[in-house]
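Chemist: Fold the following, please.
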Amino acid sequence: MRALASAIATFVLPGFGQAIAGRRLDAIAWALGVAIAHALVFASPWAFYAAFALRFASAVHAAACVKRGVAFDWLAPVALAVAALAIVTFVGLRRVFASHHVPSSSMQPTLAIGDDIFLDTITPRWRPLARGEPIVFADPCTPTDDMVKRVVAIGGDTVEVRCNIVYVNGQPARSVLLDPKQSYRDRERGKWDDSFASRYRETLAGRSYDVFHDVQRPLRDALGAPAGDVHDFPRRQMPGLPACAGATTPPRGKYVEGKPGAGVCDPQLSYLVPIGTVFVMGDNRADSLDSRRWGPVPLALVKGRVLGVWLSTGEHGTSWSRVGHVH
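Modeler: So this is what the prediction gives:
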C-alpha cells in the first residue's frame, strides 16, 4: 500500500516518491525531466505524450524505491523541494498552455473537426500578434464561445479581398493552386459527408499556409473573373461595416476608397482595421464566418496562439497522423 501511494503521489508530483525514499539525485532528475518535457510542447505537441510517459515511469520507479525498504522520511528537505518544484511547474504550465477543441471545418485544411489544439497563452502578452498566425479568441458576438481563425491584418492595416486574393496595405498575398478539387469530410447537423474545395498555398508576411476556396475558383481565375466574386470584401452591394448581428453599438473601423477606375479584381475599397484589434479569416475561405461578417477582434478577447494539434478525434476516432504543429 505504501508503494502504491508513493506511485500515485509521484505521478502527480514527479520525483516526490524518490525524494521521500532518500534517492535525492533521482528525485531531482525525474522532476527536471518532466518539467523539460512539458516545456518542449513549444517545439512539438508530441512532447505532451513524452511528459506523460515520464510521469508514469517516475511513478513506477518511486514504487520500486519504496518497496525496497529505503529510508522513508516524509520531512526530507529534498522531498519538500521536489514537491514545490512540481507544483510550480504544473501551475506555471497551466498558465502558459491552454487547449481548444475544433468544432467546425472553417479552418480546413489546417485544422479539422475534432482536432484538439495547444495554445500558447503567455507570449501574446509581450510579443504582438503577427499577420498569418492562427489564434483562438472569444467570439466577439457570443463571448462565452471560443473561435479559432487566422490573423490576416493587424491594427492600422487596410485589408480587402478581390477575386479570392487577400490584399493587406494594398499588397497581394501570393496564392498558388495546389489541387483544383480536393475532398474533405465535413459535418452538418451531426451528419458526416464529403465536401470539395480547391486548395491553394497562400503566403502572407513571409508565412505560408494552405487554404480552401470553392471548386469554381480555378475556372474563374482562368476566365479572368469578369464579374468579381461573392466572397469579395468589402462589397459595394453591402455598404454597412461588418458587425455582429443585432449589435447595438456602432462597429469600429472604416472603409477607405482606392484608386478610381480599378478593375473588379484590383484593390478598390479596403477596410481600415482599428488599432487594438486584429482582422481574422478562416482558412476555409468559402465556408467561414469571420471578420468579413462581424468585424475585427479586440486584442482583449485573444486567448492565445495556436501551437499545434495534440489529439484528433474525428469521424473515425483518434487520428494520430494529425498530431503536430500547424502553420
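
Chemist: what's the helix or strand for S195?
Modeler: strand 191-204 (DSSP states H and E).

Chemist: Let me see the mean pLDDT of that strand.
Modeler: Per-residue pLDDT over strand 191-204 has a mean of 94.

Chemist: What is that strand packed up against?
Modeler: Applying 3 or more C-beta pairs under 8 Å, 6 or more residues apart in numbering; DSSP states H and E, one finds that strand 191-204 contacts strand 165-168, strand 174-188, strand 207-213, helix 217-223. The way it works is simple: take the backbone N, C-alpha and C, and place the C-beta from them, glycine included.

Chemist: Can you tell me, leaving aside adjacent residues, what's nearest to R68?
Modeler: Once flanking residues are discounted, R68 sits nearest to A21: 8.0 Å by C-beta to C-beta, 6 or more residues apart in numbering.

Chemist: quick one: pLDDT of that neighbour?
Modeler: Model confidence at A21, given as pLDDT, is 80.

Chemist: got the CA positions of the strand holding S195 in PDB?
Modeler: In PDB, the C-alpha atoms belonging to strand 191-204 read as follows (Å, rounded to 0.1, in the frame of the first residue of the first chain):
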ATOM      1  CA  LYS A 191     -24.000  14.000 -40.200                       C
ATOM      2  CA  TRP A 192     -20.700  13.500 -41.900                       C
ATOM      3  CA  ASP A 193     -20.500  14.000 -45.700                       C
ATOM      4  CA  ASP A 194     -18.000  14.700 -48.500                       C
ATOM      5  CA  SER A 195     -17.200  18.300 -49.400                       C
ATOM      6  CA  PHE A 196     -15.000  19.600 -52.100                       C
ATOM      7  CA  ALA A 197     -12.700  22.600 -52.400                       C
ATOM      8  CA  SER A 198      -9.800  24.000 -54.400                       C
ATOM      9  CA  ARG A 199      -6.600  24.000 -52.400                       C
ATOM     10  CA  TYR A 200      -4.100  26.900 -52.600                       C
ATOM     11  CA  ARG A 201      -0.900  27.800 -50.900                       C
ATOM     12  CA  GLU A 202      -1.100  31.300 -49.600                       C
ATOM     13  CA  THR A 203       1.900  33.400 -48.400                       C
ATOM     14  CA  LEU A 204       1.300  36.400 -46.200                       C
END
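
Chemist: and the direction of it versus that of strand 174-188, what angle?
Modeler: 160 degrees (axes from the mean of the first three to the mean of the last three C-alpha atoms, to 10 degrees).

Chemist: For strand 191-204, buried residues please.
Modeler: Judged by neighbour count using 16 or more other C-beta atoms under 10 Å, the buried positions of strand 191-204 are S195, A197, S198, R199, Y200, E202, L204.

Chemist: What's the separation between the second one and S106?
Modeler: Just to be clear, that refers to A197. Distance, A197 to S106, using C-beta to C-beta, to the nearest Å: 12 Å.

Chemist: any common contacting residues for these two?
Modeler: N284 (C-beta atoms under 8 Å, 6 or more residues apart in numbering).

Chemist: on that earlier part again, direction included, what does the strand holding S195 pair against?
Modeler: Partners of strand 191-204 in the sheet, by DSSP bridges, are strand 174-188 (antiparallel), strand 207-213 (antiparallel).

Chemist: Distance from it to the middle of the chain?
Modeler: Here strand 191-204 shows a centroid-to-chain-centroid distance of 18 Å under the convention C-alpha atoms, centre = their mean, to the nearest Å.

Chemist: which outside residues touch it?
Modeler: Under the contact criterion C-beta under 8 Å, 6+ apart, strand 191-204 has outside partners 105, 108-109, 131-132, 152, 166, 168, 173-187, 208-218, 284, 286-287, 315.

Chemist: Give me the buried entries from those residues.
Modeler: For those, a neighbour count by 16+ other C-beta under 10 Å gives the buried set as 105, 108-109, 131-132, 152, 166, 168, 173, 175, 180, 182, 184-187, 209-215, 217-218, 284, 286-287.
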